[in-house]
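Undergrad: one predicted model, sequence on top.
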Amino acid sequence: MNGGHARNLRWRYAGVVAATLIAVAVVSWYFCWGMPTTVLLVRHADRQGTADALTAAGTARAQALAHVMEKSGISAIYTSEAARTQQTAAPTASLLGITPAAVAAADVAGLVATLRTDHSGQKVMVVGHSNTVPQIIAELGGPAVTIGSAEYDNLYVLTVCRCRRWGGIGLTNLQYGAASP
């Protein structure tokens, strides 16, 4: 083999190695450091006793939620089958032109699977209950949360990065509307 041919092979080999490393880097970035999924979670707004409808204060809170969500960039809204969750989401859905999807409150695992597979890298709003919102946060890898029976003003912003093994979960607890009693 002459010297020029060997040098040419080395350059060709170096090009293949470089292209492979670039491809691995791009795939790694996509799967590990691509856009995070942001899940905005709220408990349904105020209700009276065990009624499955919002009070006047709950309706006002739902309107305040729509104002908060107006520029959030959410692409989907999930509620439970309960009227109070659907009524809480309705002003936001109407404002943003999104049709909410109702999921059985008992199917937290199914909802979480849908959030992971269908909404990776997106922003999604979930309206749940005092027991399901903490379960959803936990199933997505977030910290333990407790919602009191009279708490209606919490807005949880859960950020789930694709590479969860490096601590890619963040939870921010905000409040909206009138303070809960």
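TA: Ah, there it is.
Undergrad: mind telling me what element the most centrally placed residue in the chain is part of?
TA: Most central in the chain under CA atoms, centre = their mean is Val39, positioned 1.8 Å from the mean C-alpha point. Assigned by DSSP states H and E, Val39 belongs to strand 37-43.
Undergrad: from Tyr156, how far out is Ser149?
TA: Computed as CB to CB, to the nearest Å, the Ser149 to Tyr156 distance reads 17 Å. Quick note: C-beta positions are derived from backbone N, CA and C, even for glycine.
Undergrad: one step back: which residues touch the residue nearest to the centre of the chain?
TA: Neighbouring residues of Val39 by CB atoms under 8 Å, 6 or more residues apart in numbering: Leu115, Lys123, Val124, Met125, Val126, Ile136, Leu140, Val157, Leu158, Val160.
Undergrad: what does Ala93 give?
TA: Contacts of Ala93 (CB under 8 Å, 6+ apart): Ile77, Thr99, Pro100.
Undergrad: what's the closest of those residues to Val17?
TA: Ile77 (47.3 Å; CB to CB).
Undergrad: quick check: that closest one touching Ala102?
TA: No. Ile77 is not in contact with Ala102 according to CB atoms under 8 Å; the separation is 9.9 Å.
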